[in-house]
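**Q** predicted model, plus sequence, below.
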There are 4 protein chains.
Amino acid sequence: MRITNIDDKPRDECGVFGIFDTIAVSDVAATYAYYALYSLQHRGQESCGICVGDDGVMKVHKGLGLVPEVFTPKVLEALGPGNMSIGHVRYSTTGAPQLENAQPILVHHVKGSMAIAHNGNLTNADELREELELLGGIFHTTSDTEVIAYTITRARLTEPSIEKAVTAAMYSLKGAYSLVIMSPRKLIAVRDPQGFRPLCMGKLGNSVIFASESCALTALGAEFVRDVEPGEIIVAAPEGVTSIKTHCGGKKRLCVFEYVYIARPDSVIEGESVHTARRRAGALLARSHPVDADVVIGVPDSGLEAALGYAEESGIPYGIGITKNRYIGRTFIQPTQSKRIESVHIKLAPLGATLEGKRVVVVEDSIVRGTSMRHILNELRLAGAKEIHMRVASPPVRHPCYFGIDIDNREALIAHQLPIVDDIAKEIDADTIGYLSIEDVRRIAEVENADFCVGCFSGTYPIEPPQDTSKRKFERKLSEKPSKE
Amino acid sequence: MRITNIDDKPRDECGVFGIFDTIAVSDVAATYAYYALYSLQHRGQESCGICVGDDGVMKVHKGLGLVPEVFTPKVLEALGPGNMSIGHVRYSTTGAPQLENAQPILVHHVKGSMAIAHNGNLTNADELREELELLGGIFHTTSDTEVIAYTITRARLTEPSIEKAVTAAMYSLKGAYSLVIMSPRKLIAVRDPQGFRPLCMGKLGNSVIFASESCALTALGAEFVRDVEPGEIIVAAPEGVTSIKTHCGGKKRLCVFEYVYIARPDSVIEGESVHTARRRAGALLARSHPVDADVVIGVPDSGLEAALGYAEESGIPYGIGITKNRYIGRTFIQPTQSKRIESVHIKLAPLGATLEGKRVVVVEDSIVRGTSMRHILNELRLAGAKEIHMRVASPPVRHPCYFGIDIDNREALIAHQLPIVDDIAKEIDADTIGYLSIEDVRRIAEVENADFCVGCFSGTYPIEPPQDTSKRKFERKLSEKPSKE
Amino acid sequence: MRITNIDDKPRDECGVFGIFDTIAVSDVAATYAYYALYSLQHRGQESCGICVGDDGVMKVHKGLGLVPEVFTPKVLEALGPGNMSIGHVRYSTTGAPQLENAQPILVHHVKGSMAIAHNGNLTNADELREELELLGGIFHTTSDTEVIAYTITRARLTEPSIEKAVTAAMYSLKGAYSLVIMSPRKLIAVRDPQGFRPLCMGKLGNSVIFASESCALTALGAEFVRDVEPGEIIVAAPEGVTSIKTHCGGKKRLCVFEYVYIARPDSVIEGESVHTARRRAGALLARSHPVDADVVIGVPDSGLEAALGYAEESGIPYGIGITKNRYIGRTFIQPTQSKRIESVHIKLAPLGATLEGKRVVVVEDSIVRGTSMRHILNELRLAGAKEIHMRVASPPVRHPCYFGIDIDNREALIAHQLPIVDDIAKEIDADTIGYLSIEDVRRIAEVENADFCVGCFSGTYPIEPPQDTSKRKFERKLSEKPSKE
Amino acid sequence: MRITNIDDKPRDECGVFGIFDTIAVSDVAATYAYYALYSLQHRGQESCGICVGDDGVMKVHKGLGLVPEVFTPKVLEALGPGNMSIGHVRYSTTGAPQLENAQPILVHHVKGSMAIAHNGNLTNADELREELELLGGIFHTTSDTEVIAYTITRARLTEPSIEKAVTAAMYSLKGAYSLVIMSPRKLIAVRDPQGFRPLCMGKLGNSVIFASESCALTALGAEFVRDVEPGEIIVAAPEGVTSIKTHCGGKKRLCVFEYVYIARPDSVIEGESVHTARRRAGALLARSHPVDADVVIGVPDSGLEAALGYAEESGIPYGIGITKNRYIGRTFIQPTQSKRIESVHIKLAPLGATLEGKRVVVVEDSIVRGTSMRHILNELRLAGAKEIHMRVASPPVRHPCYFGIDIDNREALIAHQLPIVDDIAKEIDADTIGYLSIEDVRRIAEVENADFCVGCFSGTYPIEPPQDTSKRKFERKLSEKPSKE
C-alpha cells in the first residue's frame, strides 16, 4: 500500500500517539495505540511501533510495514497490560527502510526506563550528538530521536524529575519536535516552541490522550480537549495533569503543508478543519486563477476537496474525472520493471464520460516532482479532454524542508528546475496552469496568532536551517575524511 | 484489502481475461495477464491465476490473495513465454477460501491440454455433473467450471474441433457463463445466450484480447473492439479470428447490478458508460425521491457518482461528507475482536465541516444487509448531521442471485426482513429513505435490445433458477443421505 | 532439510499411511497421520498431505515442504474430526516441486468421494491414461496416481463395492503400488502382486493402521500385526477387517534397496530388521573384501551400521571418523553459489583424532553418482588418513529403477560410466574399493519366499519395464509432435 | 531445529567469529562469516548476526533463527563488500527470544563506529551498568555485551587507541568474555584472563581469522594458528597482527563442559581434540564404573563418543541402539500439545535388533534435568532391553553456571534434587548408574597449565560469582522496588 513512487508527494516523517489511564491498568493499552496508529497511518507507512508501560516496566514492539501488518493479535497480547502506551508511525527520510530507526525508542538510564516517540526533525542534531559523544555517549542509531532521548536522560542526572529534565533539555534542542515520552510513572507530551508539527490532547473516560492529529481521537471515540501549545510540556501523572509553559509564548509557526496535504481531511488542527482549509484553498485559487471551462475535477484523493472549493467558487460544475485503483499494494510490480510493455495504465483510470470533449479544470493540492502529473494529464487527454487547465492549491515547492517533511532534494523539484510556471505547464502538457500565491496559502486556515511556516515555498524559515546536510560521519568512509584512529 | 465483512456488499464471483498473439511468442504473455487482472481485481479478491500457452504446452500458477501478492516477478518469469495467456480473479461463494477452486482450471484430455476461466454460475451444474459421473467421470473440485470443462472435452471426443465442441456443449450448459478457453492452438471467448455477465473484445498490435470489462483494455493501452454477443463464440487462431453465432439472437439479459455496483466506473459495457449509468441512477432518484436538504453526500467509493447525479438533478450542493481510511488490509484486527474497546471508528471518518448542523442526503448505490449502513449513519449523526435522508440508487435487494453474484442467503437481506421500506429507515436510523424503482433501474443504462436481469430485486429470473440449492452431495455426510455404498 | 543435492542418494518417491477407527469418530484422526508421516519423513521430503474422512465427507490439506512445515496446529484442527485419515509424503521424480502432484488425491465420482495415497510407480500409466482419455476422461495432473484413481472409480461404475472395484482395477495396473485408499465408509490397503514397496498393518486400540514402514507404528505406540501380502487387498470397514487375496501368491519381489538405504533402521520389513540387514551387509562385505587396516568408519548416517558390521566381522576397531552438521536446512546457500569462496567444508567434518596417520576402511551403503564420495574421501585425506579403503555395502548401481526409486538417469551413475570398479576407486581417490556382490545383497535379509528385485544392480527386472520413458505428451510442444487439432 | 525442550541439555550462550583481510576489500566478507557461523550453529540457535566493515563504514544484519534462515543471498549481498566482518550466534538465557539482544552490537561513538560480538557472561555487569548510568549512559538492551561496549568506548575517550581502550576496560570487566571487536580500521580478539570460553586464531591467505572453535577454521579451509591466550588481546590491523598480554599469565580456567558437551567433536581446543576427550571420558567411566553387560550404546549424538570409549576400555561390544529422527524442526508440534494422543515416540527410535534381551550400558555425556533420560530408558525397555546400566561421562550437575552456560535454575537439576545418585537411577528407571568423578572429568583433556572450571559440578568457582542474580531492575515494577521518580 506504499504509493510513494507513484504519488510523487512530499512525505511527513511521523505520527505520534500516547494514552495514560490515571486510574487503572488495562489490557487494552496496546490496542488503543493500534487503532490510533491505524488512523494516523497516512503520516508514515514504512515502520511503526508501540510501547506499553506497566508500573515502570516497558515493553516495545516495532516493525517494518503498515500497522495491521506489524501488529497481530498475538503481538498486541504479548505487549501485555499497562496503564499507558505510546505509538509511532514513520517514514525514513534517507536510504532503505531500517528497523533500527523505527520508534518508539526505549532506553534504560539511571532513573529507570524511558520511551520516546518523535515527529519532526532537529536542526542541531549533529552538534548535540558530537557533544554527547565527547562526554562518552554511544549511539545505536543515526536518528535525531536518540539524540533527544540522550539529552533528556542526561539532564535527568541533575534534574529532580523527568518533566524538569525535559524543560532543561529544550534549551538545547533546536528544530521541529512533537514528542510523546513515557517515564516509569508519567506520560509527557512536548511540542517545540515554534509548533512546527501538530499535537493535540484528548480525553476518554479516565484516560488522557495525545496524538498528532484529532482524527486519532475520533477513531477512539475520545473527546478533543485542545491542542498542545507550541513550547508546552504537558505531564500526565497518577496525581493529575499539569502544564509547563516555560518555553511558550512565541508565534505559531505550524507547517502550512499540514493543511495542504499531510493531515487527514477530518482532522481539526489549531481549531481549523483541514477539509475546510482545502476547500478554501480551492476557492482562493478560483478567484486568483479563473478560467472558462466545462468541468472541475480533482486528482484523487488529495485534490478532491480543493476541486470542490474551486467548483463552488467558480460556478463550473464539479465532476468525477479519475478513478483510482484501490488495490495497489506494496508488492505491485511497476510497469517500468517489465520493460517490454510500453504503456500500462494501472493506477488512475480517466472517466471518458466526464472528460470527452470537455474543457477540464484539474485541481491538485500540490506538485512536487511533477512526473506523475504529466502522466495523469496525458491520460486525461487520451480519454478525450479538449483543454486542460491545471490548478494547484498551494504555491510552487522550490525549497527543502528541514522540519519534518521529506523534501530534501532541491534538484528534483519541478518548480525549482522551472522557475517560470508557464514552463511547468508545458512540461506537464497543461494548457494553462495556476498556483496559489504564498499570500493566499497563509489564508487557507484561520488560526489565531499563527505565522505559518511556508519555508518550502518561500525559502525563508522560522528558525535557522542546519548548515551541513551532507552525509553523517558514520556513513562516510575513513578514506573520505580525516583519519581518527 | 479484502473488505467484505466491512462493506456489506454483494460480490461478483469472477473476472476473466485472455490474450492471443496471432504472430509471435512473447515473453510478456503472463505480464499482460498480470496487469489486466490487476485492473479487474474489484471483481474478485480471494484468489487469482494465470495460465500461459506456448505451442500446446500450458503452464498455470494460482494462489490465494490479490494479484500482486500471488504473482511475483519470479512467478511471472517461471510461467515462461507464450503466444497466449488467460487469467482469472475470483471470490468463492461458499465456505473458506480454497485453493483448489481457484482458476484457470487446466485439464489434460485426449486431444491435449485445455485451460478455462469462467465468470458466472451454471444453474444445472449438479445435473450435468451427475450425468458425467454416471459415464465414469471423476471430479477434483466442487466448482461448476470443472463441469463446463468436462462437458466441452467430452464433446471434443466426437466433434472435430474445439470450437465445435464448445458449440455442442452449449446445448447442455444452462445459466451464466462468460468463458475464456485456451486450447493448444486457439483462444476462445464464449458468452452464454442471455449474456448475464459482460465480456468484451479488444485489440493491441497483433493481439486479440478478451476481458470481463473494458477497463482491462484501457489498462493495457489496447483498443476496444466490441462486446462479445450473448451466445457468441469467438475463436482466435493463428489463421485469424472467427465468430460462431449458433446460440445468438436472444434478448440481452445482462445483470443490471454490473452498472449499479460491480463494474468499475470507467468501464463501458454494451456501449454504456458505467459512470454515466450511476449518475443517471442518482438523477432518477432525485426525481422520484426529492427532499429539502442542505447537502448531498455519497458513501465512498461506490455511492459517490449517484450522489453527484442526485445533486445535479436536485440542485442541492454536492459535498464530501465521509473520508475513507485507505490502509485497511486483510490482516486488520476488527474492533469486534477486541471486545473491551467499545467504539472504534476505523474505516469511515465523517467530515464535521460538511455535516455539522446540516440536513444531509446520503446516497449509496445499494443496501444488502444493512448492518454497515446503520453504523455509517450513526457516525454522521455524531459528527453533527441534523437530518439524514437516505437515498439508494437501486431497488431493495430481496431475492438471491443464481447467476454469479453472491447474494444467496435471503434471510440476511434487510429488505427481505423488512418489506416496508420505512421500517428499513427506522432500522438504520434515517429520517427518510428512498429507493430507485425497478422500472427506473432498468433505465439507468441505455442498451439496445436489452431486457436486464433484475432478479435480485424482482424475484423473476430470465431463465429458471436451480431447484435444489442445498449443500452439494460431497459435502453431505453419509448419515444425512441415502447410503450408496 | 532437503539434502538431496548433497547426499547424492537415490530417493524413494513416497511413504503412505492410513488409520481407521472401527468404532468412533475422533478429533485426532489428522494428528495421528501427522505423527506417522513425520516418522516416514525420510521417504519423501518434498510435499505431504493428509485427508480426513468423516462419515463420507473428506477434507484434504497438502503442501510443499516437510510435515511440520505444512501442518500447523491450525491446519490440523481445520481438517476436523473423523473416523479415518490417510497421509502421504513424497518426492517428485521430475522437474520442479509441484503442488498439484502432491498426495493424497481426493476425487469425487458417482459413488461419492475417494482419496488415495500411493507409493510406487506404474509401468503402464501412459497406456492406461490414453485408454481413459479415449473414453472421455480428463486429468488434472500428470501423475500415475490419478490414473489409478480413474481406473478404480471407472471399475466402480459396474462393480458393487469399492473393494471389488479395486480387485478389478488391479488386472489393469502394472508396476509398483502400495496404496491406501479411503472410500466414504472404508479404508483399504493394497499392495501390488510383486510387493515392490513395503506396506504393513498395525493396531492401536480400536484402530486399524496401515503404513509404509513399521517405524510409523512404533511412533504411534501401535502394535505391529503383519505385512500386507503382495497382491493383497485389506479392507477396514465398520463391520470389521477383511482380506482379499485374488492377486496373491507370487514370489515377493520386494526392492532390496529398502534394506540397503531407503527404510529406517528401526523398521522391520517382512520380518527382517533393517538394522540387522545393514550390519549383515557389512559383515558379508568384510568377508568378500577384507583389508589390513587400523579403523573402520561409516559415512553418517546411512553407512554407520554396515561399518559396524564390517568392524565386528573383520576385527578391525570401529571408529567415529566423520561428524555431520545437523543444521543444514532447505534455505542453505550452497558454496557453489558463492563462487569466490573456493573450498567450504560445510556438511561433513572429518575427525582428525580418529583418522590421522591411520589406514581407514570407509563404509557407505551405496554409491550412486559418486560426486559427494570423492569429496568426502578428499576431506578424510586432508584430515590425515594414510590409506583409504572404500567398502560399499551394496552392488554397483548401473541401471534405472522403474518401480518407485528415483534412479532414472543412467548417464549420471558412476558405475555405469566406469564399469570396472577399480576405475571408480581412482575416480573417487580410494586406495582400494570393494562392493557387495549381487549374490550377497540378496542375502542381507532373510525373508521367506522372497526373490528381491535387484534390477538397479542387475538390469533384470521382475516385470517388464515401460517401453517409452520419454517426456509425457502434455509437456511436448505441438511443433514436436504430430498435430492433433 | 531448536531442540532444547527435547534434549534437556545445558546451552552455551554464544559463538563468535571474525575475519580481517590485511590487504584487500572483498565482496565475500559476509559470506565467510556465513559459513563460519553455520559451522558454529551448535553454539547458539536462537539468533545470529553479521557485521561487515568497509573502511570505517559498518553494516549489520541480525535476525531470529538459524543462520540459513536469517541470511539469504540477498541479505549477504546487501551487507556489501568489506575488508573485515564479525559474526555471532546466540541463545538467550532469559525469557522469549528478543531481536534486540541479538549480536553483533553496532554502536557509534566519538571515534567512529564499533561492532562487538561476545561469548560468555560478565559477573559484574550490573555494577558496571549502574556506574555508567550515573555518568549519564543510556542503554538500549539489557545485555552485558552493551556494558562491555560502553566500558570500552568510554575508555577510548582518554586512551589513544582502541586496543589501549580494551586493555584499560579489562581492568573493570569481570567474568567470562571471548570477544571479537571491529573498529574502523582494526579487528581485535579478546579473551578474559581466566579463558572461560574458547577462542582461537586461524589464517587463510592474507586473512586473519578468529573463531570460538577450530571447526569454523576447518569449514573455511583455513589453517589453525593457535588459541588466543587467556587475558590476551590480539589486534589485526593493516600494518600487521600484534598481541597484548598485559592481562595474561594466570591459569587456564577453561570450562570443562566445552569438552563434555558444548563444542563440536571435530574441534581442537587448547591442543586437545574434543572427540578424544569424550572417548577418554568414556574410558575413565568404564574403569570407575564397570559392569557386566552385553552391549554399550550411546545416546545420539552427544553420547556416542563416550560410549565408544567405554566399549573400547571395557571390552563390551559397541552397538547402535537408538536412531534419531533427523527432521524435527522448529515448528514441530510437540505431542504434549495434542493431549488426546498419549504416547507418541517421535524423536528417538530404539533399535530392537540391538536391544532385545540384552543387558545394555547406556552412555550419555551428561544429565541435567533428567526428564528426557527417563523417557529414553523407558523406550529402550519397551524395545526389549533386559537390564539398563546408565553411565554418565561427566559428574552430576548440581550448581548454576555464571560464565556463559545456561544452567541457572538449581531447582530443575535432577542431581540437585536427588543428591544420592542411586535415587537418580530409580527416578530414571535405570538398574545401575555411574557418573564420572570430578577428579576424572579434570583428566579428560590434557591441557598444559589448565585448571578447568568445574563449578557446575563442584559449586566452587574460579572467580567470585555475582551476588544478586535476581531480575534486572528494568524488568522489576515500580511497586516492587524503592521508587525513584
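**A** Sure, I can see it. Numbering: from 1, shown residues only, chains lettered A, B, ... in the order given.
**Q** name the nearest residue to A:Y310, ignoring sequence neighbours.
**A** Among residues not flanking A:Y310 along the chain, A:G282 sits closest, at 4.0 Å (C-beta to C-beta, 6 or more residues apart in numbering or on different chains). Where you see a C-beta, it was placed from the backbone N, CA and C, and this is true even at glycine.
**Q** quick check: mean pLDDT across the helix or strand hosting that neighbour?
**A** Assigned by DSSP states H and E, A:G282 belongs to helix A:274-288. Taken as a whole, helix A:274-288 carries a mean pLDDT of 98.
**Q** what are the ranges of the helices in the stretch 351-485 of chain A?
**A** Using DSSP state H, counting those that start in this stretch, the helices of the stretch 351-485 of chain A run over A:352-355, A:371-382, A:414-417, A:421-428, A:438-441, A:455-458.
**Q** ranges for the helices of the stretch 51-200 of chain A?
**A** Ranges of helices in the stretch 51-200 of chain A, per DSSP H, counting those that start in this stretch, are A:67-70, A:73-78, A:125-134, A:144-156, A:162-169.
**Q** starting at the chain centroid, how far to the longest one?
**A** The chain centre lies 22 Å from the centre of helix A:144-156; the measure is C-alpha atoms, centre = their mean, to the nearest Å.
**Q** which strands and helices sit next to that helix?
**A** Packing partners of helix A:144-156 (3 or more C-beta pairs under 8 Å, 6 or more residues apart in numbering or on different chains; DSSP states H and E): strand A:105-109, strand A:112-122, helix A:125-134, helix A:162-169, strand A:175-182.
**Q** skipping adjacent residues, who's closest to the closest residue to chain C within the stretch 151-300 of chain A in space?
**A** Proximity of the stretch 151-300 of chain A to chain C (C-beta to the nearest C-beta) peaks at A:A219, 30.4 Å away. With sequence-adjacent residues excluded and distances taken as C-beta to C-beta, 6+ apart, A:A219 is closest to A:S39, at 3.8 Å.
**Q** and that neighbour, what does it touch?
**A** With contact set as C-beta atoms under 8 Å, 6 or more residues apart in numbering or on different chains, A:S39 has these partners: A:E213, A:C215, A:A216, A:T218, A:A219, A:R264, B:N325, B:I346, B:A349.
**Q** how about a cut-off of 7 Å?
**A** A:C215, A:A216, A:A219, B:N325, B:I346 (C-beta atoms under 7 Å, 6 or more residues apart in numbering or on different chains).
**Q** SS state for the last one?
**A** Three states are possible here, and by DSSP: H, G, I helix; E, B strand; the rest coil the one that applies to B:I346 is coil.
**Q** any idea of the pLDDT on it?
**A** 75.
**Q** likewise for the second one?
**A** At A:A216, the pLDDT value in this model is 96.
**Q** same check, this time on the third one
**A** Per-residue confidence at A:A219 stands at 91 (pLDDT).
**Q** the helix or strand containing it: what's the following helix or strand?
**A** Secondary structure from DSSP H and E places A:A219 in helix A:215-220. Note on helix A:215-220: by DSSP H and E, the next helix or strand toward the C-terminus is strand A:223-227.
**Q** note down every partner strand of that following strand and its orientation.
**A** strand A:200-204 (antiparallel) (DSSP bridges).
**Q** so after the partner strand, what's the next helix or strand?
**A** strand A:207-211.
**Q** touching that next one from outside, list them.
**A** A:17-22, A:36, A:40, A:180, A:187, A:189, A:199-203, A:217, A:222, A:228, A:236, A:241.
**Q** neighbours of A:E356, just the number please.
**A** By other C-beta atoms under 10 Å in any protein chain shown, 13 other residues sit near A:E356.
**Q** per-residue confidence at the residue lying closest to it once chain neighbours are set aside?
**A** Leaving aside its sequence neighbours, A:E356 sits nearest to A:G384 (C-beta to C-beta, 6+ apart; 3.4 Å). pLDDT recorded at A:G384 is 95.
**Q** residues touching A:G384, list them.
**A** A:G352, A:L355, A:E356, A:G357 are the contacts of A:G384 under C-beta under 7 Å, 6+ apart.
**Q** could you measure from it over to A:V362?
**A** Going from A:G384 to A:V362 by C-beta to C-beta, to the nearest Å gives 14 Å.
**Q** in the stretch 351-485 of chain A, which residue sits closest to chain B?
**A** The minimum distance from the stretch 351-485 of chain A to chain B, using C-beta to the nearest C-beta, falls at A:A353 (3.9 Å).
**Q** dump the residue contacts of that residue.
**A** B:S273, B:H275, B:T276.
**Q** do that again at 8 Å, thanks
**A** B:S273, B:H275, B:T276, B:R279.
**Q** please apply the same query to A:F139.
**A** A:R129, A:L132, A:E133, A:E146, A:V147, A:Y150, D:V107, D:H108, D:H109.
**Q** over to A:M373?
**A** A:M373 neighbours (C-beta under 8 Å, 6+ apart): A:D8, A:V299, A:E364, A:I367, A:M390, A:I428.
**Q** so the fourth one makes contact with A:I424?
**A** Yes. A:I367 sits in contact with A:I424 when judged by C-beta atoms under 8 Å, with a separation of 7.4 Å.
**Q** which residues do those two both contact?
**A** A:P396, A:I414, A:A415.
**Q** a markdown table for the residues you listed, including neighbour count and distance to chain B?
**A** Below are those laid out as a markdown table (neighbours: other C-beta atoms under 10 Å in any protein chain shown; distance: C-beta to the nearest C-beta, whole Å):
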| residue | neighbour count | distance to chain B |
| --- | --- | --- |
| A:P396 | 23 | 26 |
| A:I414 | 21 | 25 |
| A:A415 | 24 | 27 |
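**Q** dump those into TSV; add pLDDT as well.
**A** Shown next, in TSV, are the shared contacts of A:I367 and A:I424 (pLDDT from 0 to 100):
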residue	pLDDT
A:P396	97
A:I414	93
A:A415	95
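**Q** what stretches of the stretch 301-450 of chain A score poorly on pLDDT?
**A** A:328-332, A:334-345, A:408 (pLDDT under 70).
**Q** show me where it has strands.
**A** A:322-324, A:348-350, A:359-364, A:387-392, A:432-435 (DSSP state E, counting those that start in this stretch).
**Q** most tightly packed of the ones you listed?
**A** Most buried of the strands of the stretch 301-450 of chain A by mean neighbour count (mean count of other C-beta atoms under 10 Å in any protein chain shown) is strand A:359-364; its value is a mean of 26.
**Q** wait, does it contact chain B?
**A** No. Contact of strand A:359-364 with chain B (C-beta under 8 Å from any C-beta of the partner chain) is absent, the minimum separation being 13.0 Å.
**Q** quick one, that strand and helix A:421-428 angle?
**A** 100 degrees (axes from the mean of the first three to the mean of the last three C-alpha atoms, to 10 degrees).
**Q** and strand A:359-364, how far from the chain's centre?
**A** With C-alpha atoms, centre = their mean, you get 26 Å for strand A:359-364.
**Q** can you list the strands that that strand pairs with?
**A** With DSSP bridges as the test, strand A:359-364 pairs up with strand A:295-298 (parallel), strand A:387-392 (parallel).
**Q** residues contacting that strand, please?
**A** Applying C-beta under 8 Å, 6+ apart, the set of residues contacting strand A:359-364 is A:282, A:285, A:291-299, A:302-303, A:306-307, A:310, A:314, A:316, A:321, A:373, A:376-377, A:380, A:385-393, A:430.
**Q** buried ones only from these, please, as a PyMOL command.
**A** PyMOL command restricting these to the buried ones, with burial defined by 16 or more other C-beta atoms under 10 Å in any protein chain shown:
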select buried, chain A and resi 282+285+291+293+294+295+296+297+298+299+302+303+306+307+310+314+316+321+373+376+377+380+385+387+388+389+390+391+392+393+430
